[in-house]
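Novice: Give me the fold of what follows.
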Amino acid sequence: MSDGILLETRGLVLAYGGFRAVDGVDLKVREGTIHSVIGPNGAGKTSLFHCLTGGRKPTEGAILFNGADITRDSAHARIDIGMARSFQVTSLFQNLSVRENLRLAAQGRDGDGALVFWRSVFDGKAHLAQADAVMERLALTAKAKIAAGDLSHGQQRVLEVGMALCGRPRMLLLDEPTSGMGIDDIPIMTNLISELGKDHTVMLIEHNMGIVMSISDTITVMSRGQILVEGKPDVVRADERVRTAYLGGAA
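Specialist: Below you'll find the predicted structure:
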C-alpha cells in the first residue's frame, strides 16, 4: 500500500455504448478514513460502486486495493481480500432469525468451503461466535431469535451492515445505508458508521447531507460520471460548483 492509500482507481470508465456512467474517475481512499461519495441522481455513484465491488467490469482503467490490481477480480475474490458491501435495497433472509442471518454471513466468508457439509463442528461454533460478537457490537443481541422480516426497517439496515461485518473486512462499502429510514433510526445508523470508522476504512454513498458532513473525513462529489469536487467537508460545503450541481439539476 502506497502513502496510506487502501483503494485507488486510475482512469476508471464504465460505458454503455456511447454513454459513460463512470467517465475517467481517479479516486484515492485512505486507510482508516470515512470517505463519502455524493452527487445528484444519475451522477454515477452506484455505477462506481458496482465497479469497485466487482458487480460490473470497467470498460477502461484500473482498480487497486492495497496496491494490487483487482480490476478483473470477481466480486467474491474481493471479499476474500477484505472488501465487503451492503446494498441500497436490503438483501436479508427474511424468514431466518437475526442470529442465523449473521451466522450464514460468517459462513459465507469461507467461499466454496461453506458448502462442505462434513466440516468440523468447531467451524460452526466459530461462525456462531462471530455472529454473536457482531450482534453485541450492533446492540442486536435482544433480537437474536426474531425473524429478520419482523424487524423495523432501520433494524434491518443495521443487520445488513452486520452481515457485511461478519466477513471481517478491511474495508466496508455502504450503498445508501439510511435509505428508507425513519427520522428516529437515522441517528442510530449515523453513530454506527462513525464507530465503524474507528476500526475499518468506510466508503459510502449517501444522500443525507447532514450525515455526510458530520462523519466524513473526505467527500467526493460526482456529476455526470466524473469527479466534480473532492475534499474535507468544510471545503465541499463552501464550493460553488457543488451548489450548482445540486440546485442546477446536473444528472
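
Novice: Is the most centrally placed residue in the chain bridged to anything, and to what?
Specialist: Ranked by distance to the mean C-alpha position of the chain (CA atoms, centre = their mean), the top residue is L173 at 1.7 Å. Beta-bridge partners recorded for L173 (DSSP bridges): R85, M203.

Novice: hang on, isn't it packed against S86?
Specialist: Yes. If you go by CB atoms under 8 Å, L173 and S86 touch, sitting 7.5 Å apart. Yep, even glycine has a C-beta here, placed from its N, CA and C like the rest.

Novice: roughly how far apart are D3 and G67?
Specialist: Distance of D3 to G67, computed by CB to CB, to the nearest Å: 10 Å.

Novice: Repeat that for S179.
Specialist: For S179 relative to G67 (CB to CB), the value is 33 Å.

Novice: List the buried residues in the longest helix anywhere in the chain.
Specialist: When the chain is parsed with DSSP state H, its longest helix is helix 121-137. Of all the residues in helix 121-137, those buried under the rule 16 or more other CB atoms under 10 Å are 127-128, 130-132, 134-135.

Novice: now do the same end-to-end measure for stretch 69-86.
Specialist: From its first residue to its last, stretch 69-86 covers 22 Å (CA to CA, to the nearest Å).

Novice: got the contact list for that stretch?
Specialist: With CB atoms under 8 Å, 6 or more residues apart in numbering as the test, stretch 69-86 has contacts from 49, 52-55, 57-58, 61-66, 68, 109, 111, 160-161, 163-165, 167-175, 177.
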